[in-house]
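Undergrad: Below are the sequence and a predicted model; questions follow.
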Amino acid sequence: MAERKLRVAVVGCGTQSQLAHIPALRHNPSVELVALCDTDVRKLNQLCAIHKVEKHYVDFDDLKEDESIDAVVIATPNHLHAPMAVAAMRYGKDVLCEMPLGLDSAEVRQMMASAEREKRKLMPAMNTRLRPDIQTIRRFVEGGELGDLYYCKTGWLQGRESWSLSGWRGQRLRAGGGAFLSLGTALLDASLALVAPHVPVSVIGAAHHRAPRSEVEDTAFAMIRFQPDLTLTVEVGWSMLQEKDLTYLNLFGNAGAALLNPTQIHKEMHGHLVNVTPQIPAKDPQRSSWQLLVNLWVESLVRDTPTPIAASEALTVSRLADAFYQSQSTRSEVPLTSEES
């Protein structure tokens, strides 16, 4: 007799779920996508019809009480991540939750404590580190082929036409932060994975509000110091006066460098700079990273093994975000204690 499939529900049916979570779940042979939940009834009915999903919920409180659901993917606005994850785990469900995991590190700690108390698995959706181009660069780093790393710079700059501060993102109470929290999370995910095991020790942050009365920043800059002897700079913005969006991640060591978008890896060999970039097969690295994320999460649930990405890694990102907002408000460098780094 065939083993029963993992019965999964998706909470929040916006663009992220439609492009990433739902397709990835449907392509996993161990998953049965049994329910969708969203407050937009028309969208909910349409998606259930398209994907042949048997149940739909407008109210999350009804979904969490459905004992036939084994696990949930939470892809709702930021302010709902923690309360929904905690409630789902209390009702016996494992959770894959979008980033940022919580609005701050205190919320993330509460979520981790709930997972331990309820004996449920909580995994952050930190997919960027799973992109094939990022993993290729990581293999070069782990092999020591770039030498000792000393500088990493990354950024995500969106033109003002591609983003709007209307809706929940424009409200600090609901979004929990502006450009740094919303855009910086994915950049920190990849950067921390690439520079490990370097440990962050302090943050200097600055922010700009294009609209004077805006509650959240639309441009943010951070310099993060690591031990031993590495610096990471982060710049994000969603209202830049530029025609094209720009995303980059550049990593420098004393024996080589790696650049993303497009991927280029150079090493110093016999006094010359040599291009050693390997072939990277995936045509859509972002889509493949989501599929891998879901596959790894499902495998950990089916086999009852630890999640491949620990919630503590999302906690590190939240601590850095907390330090950024403290730094930009006090205009000072914020140190991280050993417990917080």
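TA: Happy to help now that I have it. Numbers count the residues shown, from 1 in each chain.
Undergrad: helices and strands of the protein: which one bottoms out on pLDDT?
TA: Ranked by mean pLDDT, DSSP states H and E, the weakest helix or strand in the chain is helix 172-175, scoring a mean of 52.
Undergrad: Now the very next helix or strand once past it: average pLDDT?
TA: Once helix 172-175 ends, the next helix or strand along the chain (criterion: DSSP states H and E) is helix 179-195. Mean pLDDT, helix 179-195: 92.
Undergrad: now swap in stretch 204-219 and tell me
TA: Mean predicted lDDT for stretch 204-219 stands at 84.
Undergrad: And for stretch 258-272?
TA: 90.
Undergrad: Could you do stretch 142-151 as well?
TA: 96.
Undergrad: mind listing what's buried in it?
TA: In terms of neighbour count (16 or more other C-beta atoms under 10 Å), stretch 142-151 has its buried residues at 146, 149-150. C-beta here means a position set from N, CA and C on the backbone, and glycine is covered the same way.
Undergrad: That stretch spans what distance, first to last residue?
TA: Using C-alpha to C-alpha, to the nearest Å, one end of stretch 142-151 lies 16 Å from the other.
Undergrad: who touches that stretch?
TA: 140-141, 195, 198, 229-232, 251-258, 265, 267, 276 (C-beta atoms under 8 Å, 6 or more residues apart in numbering).
Undergrad: and with 7 Å instead?
TA: 140-141, 195, 229-231, 251-258, 267 (C-beta atoms under 7 Å, 6 or more residues apart in numbering).
Undergrad: again with stretch 108-123
TA: 82, 85-86, 89-90, 93-97, 101-102, 297, 300-301, 307, 309, 311, 314-315, 318.
Undergrad: Name the nearest residue to Asp61, sequence neighbours excluded.
TA: In space, and not counting its chain neighbours, Asp61 is closest to Ala87: 7.8 Å by C-beta to C-beta, 6 or more residues apart in numbering.
Undergrad: Could you do Ile134 as well?
TA: Nearest one to Ile134, counting by C-beta to C-beta, 6+ apart, is Ala190 at 5.2 Å.
Undergrad: So the one you found is in contact with Asn127, correct?
TA: No - taking C-beta atoms under 7 Å as the definition, Ala190 is not a contact partner of Asn127, at 9.7 Å.
Undergrad: The stretch 101-250 of the chain: helices as residue ranges?
TA: Along the stretch 101-250 of the chain, the segments classed as helices by DSSP state H, counting those that start in this stretch run 105-118, 132-142, 172-175, 179-195.
Undergrad: Using CSV, lay out those together with distance to Ile224.
TA: CSV is the format used below for the helices of the stretch 101-250 of the chain (distance: least, C-beta to C-beta, whole Å):
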stretch, distance to Ile224
helix 105-118, 15
helix 132-142, 17
helix 172-175, 22
helix 179-195, 8
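Undergrad: Pick the most deeply packed of these.
TA: Of the helices of the stretch 101-250 of the chain, the one with the most neighbours on average (mean count of other C-beta atoms under 10 Å) is helix 179-195, at a mean of 24.
Undergrad: Give me the contact list for it.
TA: For helix 179-195, using C-beta under 7 Å, 6+ apart, the contacting residues are 99-100, 126, 128-129, 134, 137-138, 141, 149, 152, 154, 156, 169, 175, 217-220, 222, 226, 230, 232, 234, 236-238, 249, 251, 316-317, 320-321, 324.
Undergrad: Alright, that wraps it up for me.
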